[in-house]
Structure formats: C-alpha cells, structure tokens
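Chemist: Here is my input, please return the structure:
(one chain, ligands or ions: 1)
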Amino acid sequence: MQIPFLDYKAVNSPYFAEIEAAMSRVLRSGWYVLGPEVEAFEQEWADYCGSKFCIGISSGLDALILILRAWKEMGKLQEGDEVIVPANTYIASILSITGNRLVPVLVEPDLATYNLDPDRIVAAITDKTRAILPVHLYGQCADMGRINAIAKKHNLLVMEDCAQAHGATCHSKRAGNLGHAAAHSFYPGKNLGAIGEAGAVTTNDPELADIVKALRNYGSHKKYHNLYKGVNNRLHELQAAILRVKLKYLDEDTKKRQQVARWYFDGMEHSEYSMEHGARSMAKSEPHASSPVPHAPCPMPHASSPLNLPTIAPYGSHVFHLFVVRHPERDRIMAELAAKGIQTSIHYPIPPHKQQAYKEWNQLSFPISEMIHEQVFSLPMSPVLTQDEVQAVTQGILEIQS
Ligand SMILES: Cc1ncc(COP(=O)(O)O)c(C=O)c1O
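Modeler: Reported below is the predicted structural model:
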C-alpha cells in the first residue's frame, strides 16, 4: 500500500462541486478584489474564532507582519523592541519580527507539547521586551492561560500564530481569540486550506483592526487617500469564496483528524484515549491538571528505543494539523517506512537559529530545540486517511528492526 504524507487533491475532492460553484460565482460576478466574498468570509471567520474583527490577508506571513506593523503605527512597538518567540517555530514567525526591525528573543519550548514554555518566558523578559508570540504548533494551543497572565503582569502584547491550529481551544476559547491579535494561514495544507495563498488577522481591538485593514490596501481606507505607507496584502475574492465553502466543513474535518489520531494512539499504545479532555492519563493519575502528561511511548519491540507520541495538554483540544512523533533514530525509521511505501515528513529539519538566513545566530545553543529538530517526524495525517491506511502505518512502525 502506498500512503502519501498528504494528498491535497484527495483532501479537497469531497468539496469539488461546491468549490467549483463558488469559483464560478466569483468569475461571473465580475468583482474580483475586496468584494462581498472577502467581507462575508471575514465575518464568518471572526464568528468562528469568537473574535470581534477579522481582516482577510494574502498569507499567514503577511498577517503576522501586518499586526506587528500596525502596533508600530499605534506607537505600541518601536524598532529594536524585543519579541519573545519559541526557538522551534516555523521560520515565518521569526521573519515577521525581523522584517519589522524588531528583535526575536528565542525561548526553548516545552518538550511535551512543543509549545512555548511559560516558565522560560519569565526568564527571557528584559527592559526591551514588548510582546510575546506564542505559536500554536502542530495543532494545539500554547498554554495561553499562563502566557496571558505573564503578559498582563509585564504589560506585554500577545500575538498568536494560529497557522496550524484552526479551531483548537484553550480553556474553551478558540485559537485566534486568546491574545491581543492573531495571525492565520490558509495555505492549502492547513486545516482550513485555500487553493492558493491566503491568510487573516483576528482581533478584538477596533483600532488595530482598522489599521491592519488600511495597511493591507496600500495604507488606504478610501481610494487615493493614503494614511500609511501600506502594502498590497489583500485576500483574494476567489480564495475567500473557496474558504467559505471549506469553513462549513472544518469542524467535521477536525473530528476526522482526531479520529485518525485516535487510531494512531490505539494502534501504538493500546489504551483508552479522550480527545476532548486531554490525555487519558490526566484524569486517572495526574495530580496537577495544568501540566501535560505524555502518552506512553510506543514500545517498538524491534527497535532500540520507544517512539515518543504526541502529548495533549489538559487545558484544551488538539486539532491534529500534524501527528508528530519523536525518535533518536528518526532518519533510519523514516527510510524504513518509505521502503514500505509510507511517506512521512519533518516539521522542521533545521531550527531558525541554524538557518543560513540567520547566520548571526548560528553559534547560539538551544539544546531542546536542536534535539526536537533532529528527532521529530510527522506521520501521514489528513481528514481523508482511512483506518486501513493508519493501521498500515502503525504496523510498519511496530515492524521496524533495530
Ligand atoms: C507556524 C506557521 N506560521 C506562519 C506560517 C506562514 O503562513 P503562510 O504560508 O500562509 O505565509 C506557517 C505556514 O506554514 C506556519 O506553519
């Protein structure tokens, strides 16, 4: 059996007819830029996240950049200010900070959840710290209760990077409504994926919303009247129409992803598991329900050490954008799975501080992040994966020889 890591066409095929109708509607409307589809999607995505405002943007990176840029316009940030960000994030989070001439302060993540570790945030705060950028990596939220408490105490702005966590919750509130502002990516591989580039900003702050809305449109609310030195980062009308179709099915797709995860857990650790209320071991044995408990690692009887499975934090739900596992012999295991026709992927192979683009940081040491980048790999994950396919993956893992 050949099992692709992620098949975009298969993910979209249940919606082909509706997407084609939406595309045709836009084509025939004659309104292609900032029209009724963008406006309707903005309202629907704001409602979904539970936030007051949504501004459609051309990509997730542009959304991150424009929030920071707007805070600069508002006088809340200035060049040289420090922004705390997880050292293991995708490069886009960091690019948005350096692109605004702000200074990223890399902080090691919590090894259990791969998200910002609140205990380490406090140690990283200096006189120049003005913001925290929690990235809800792989499909679950950072510990926003604790992060917001730290931000409040130190008077810091909080910008969520929600690219990988559409619909994930933290203390029953959705990603996108957990800080002062949030950036979303609708890149085709995301849980809510467009058929091209797309993104959004959500916020409850009317002033920020107003400035981001102008910035994305040449700095203008009114044609030929420019308030800011803006950019053209508008969400396409066509993508908005497609996103409106797929948003109707997002919760259903999330349930399918969670079912796939459940099959993985069942196949690899043979134990009862609750997706909505955190790791099953929480309820039974964990004395501090605020700290995540890792799943029992998958034994891998023929390999040198067990496979580390994802941990679900007790404060929220996991929407399984990715199913990320960890093993010291990652490359060998991936190669053996590939030989069995099972495609896996790495998120991510090189940490930002080791990238050529940031060569000034190459000598810095972040041992937890470096270990993560050396050991993680992602198993096939999508709403269209079947139980037989998942079983073939787990069987393949259990058969791997040392
Ligand atoms: C965590 C994270 N932040 C930001 C982005 C950037 O989103 P986009 O690709 O839409 O620019 C991504 C996309 O992969 C991401 O995974």
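Chemist: Ignoring the adjacent residues along the chain, who's closest to residue 118?
Modeler: Once flanking residues are discounted, residue 118 sits nearest to residue 146: 3.9 Å by C-beta to C-beta, 6 or more residues apart in numbering. Backbone N, C-alpha and C define where each C-beta goes, glycine included.
Chemist: repeat for residue 36
Modeler: In this structure, residue 36 finds its nearest non-sequential neighbour in residue 29, 7.7 Å apart by C-beta to C-beta, 6+ apart.
Chemist: Can you give me the neighbour number for the one you found?
Modeler: Residue 29: 13 surrounding residues under other C-beta atoms under 10 Å.
Chemist: my read: it touches residue 35, true?
Modeler: Yes. Using C-beta atoms under 8 Å, residue 29 is in contact with residue 35, at 7.0 Å.
Chemist: tell me the contacts of the residue of the chain found nearest the ligand?
Modeler: Nearest to the ligand, among the residues of the chain, is residue 60, at 2.4 Å (C-beta to the nearest ligand atom). Neighbouring residues of residue 60 by C-beta atoms under 8 Å, 6 or more residues apart in numbering: 92, 161, 163, 183-187, 199.
Chemist: what's the following helix or strand after the worst-scoring helix or strand of the chain on mean pLDDT?
Modeler: Lowest on mean pLDDT, DSSP states H and E among the helices and strands of the chain sits helix 280-285, with a mean of 32. Helices and strands here follow DSSP states H and E; after helix 280-285, the next one along the chain is strand 323-326.
Chemist: That next one near the ligand at all?
Modeler: No. Contact of strand 323-326 with the ligand (C-beta under 6 Å from any ligand atom) is absent, the minimum separation being 12.5 Å.
Chemist: Then stretch 196-207?
Modeler: Yes. Counting by C-beta under 6 Å from any ligand atom, contacts between stretch 196-207 and the ligand involve residue 199.
Chemist: Give me the buried positions along that stretch.
Modeler: 197-203, 205 (16 or more other C-beta atoms under 10 Å).
Chemist: Ok, stretch 71-89 next?
Modeler: Counting neighbours by 16+ other C-beta under 10 Å, stretch 71-89 gives 71-73, 76-77, 81-89 as buried.
Chemist: which residues of the stretch 1-150 of the chain fall in helices?
Modeler: Assigned helices in the stretch 1-150 of the chain, in chain order: 8-12, 16-29, 36-49, 60-73, 91-99, 118-124, 144-154 (criterion: DSSP state H, counting those that start in this stretch).
Chemist: what's the angle between the third one and helix 16-29?
Modeler: Inter-element angle recorded for helix 36-49 and helix 16-29: 140 degrees (by axes from the mean of the first three to the mean of the last three C-alpha atoms, to 10 degrees).
Chemist: Can you list the buried residues in helix 36-49?
Modeler: Here helix 36-49 shows 37-38, 41-42, 44-46, 48-49 as buried, counting by 16+ other C-beta under 10 Å.
Chemist: now for it, which elements pack on it?
Modeler: Applying 3 or more C-beta pairs under 8 Å, 6 or more residues apart in numbering; DSSP states H and E, we find helix 36-49 packed against helix 16-29, strand 53-57, strand 199-203, helix 237-247.
Chemist: Restricting to C-alpha, output it in CSV.
Modeler: Once non-C-alpha atoms are left out, helix 36-49 reads as follows in CSV (Å, rounded to 0.1, in the frame of the first residue of the first chain):
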residue,chain,number,x,y,z
PRO,A,36,-18.7,40.5,-0.9
GLU,A,37,-16.9,37.2,-0.6
VAL,A,38,-14.0,38.6,1.4
GLU,A,39,-16.4,40.6,3.5
ALA,A,40,-18.6,37.5,4.2
PHE,A,41,-15.6,35.3,4.9
GLU,A,42,-14.2,37.9,7.4
GLN,A,43,-17.5,37.9,9.3
GLU,A,44,-17.7,34.1,9.3
TRP,A,45,-14.1,33.6,10.4
ALA,A,46,-14.4,36.2,13.1
ASP,A,47,-17.6,34.4,14.3
TYR,A,48,-15.8,31.0,14.2
CYS,A,49,-12.9,32.2,16.3
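Chemist: buried ones in the helix or strand residue 211 falls within?
Modeler: Using DSSP H and E, residue 211 sits in helix 206-215. Along helix 206-215, these residues count as buried under the neighbour rule (16+ other C-beta under 10 Å): 208-209, 211-215.
Chemist: right, and the helix or strand after that helix?
Modeler: strand 220-222.
Chemist: Could you spell out the sheet neighbours of that following strand, each with its direction?
Modeler: Sheet pairing for strand 220-222, assigned by DSSP bridges, gives strand 225-226 (antiparallel).
Chemist: Surely residue 318 and residue 261 touch.
Modeler: Yes. With contact defined as C-beta under 8 Å, residue 318 counts as touching residue 261 (7.2 Å).
Chemist: neighbour-wise, which of those two wins?
Modeler: Per other C-beta under 10 Å, whichever of residue 318 and residue 261 has more neighbours is residue 318, with 27 against 23.
Chemist: quick one, what contacts the more buried one?
Modeler: 139-140, 168, 258, 261, 275, 310, 312.
Chemist: I am finished for the moment; much appreciated.
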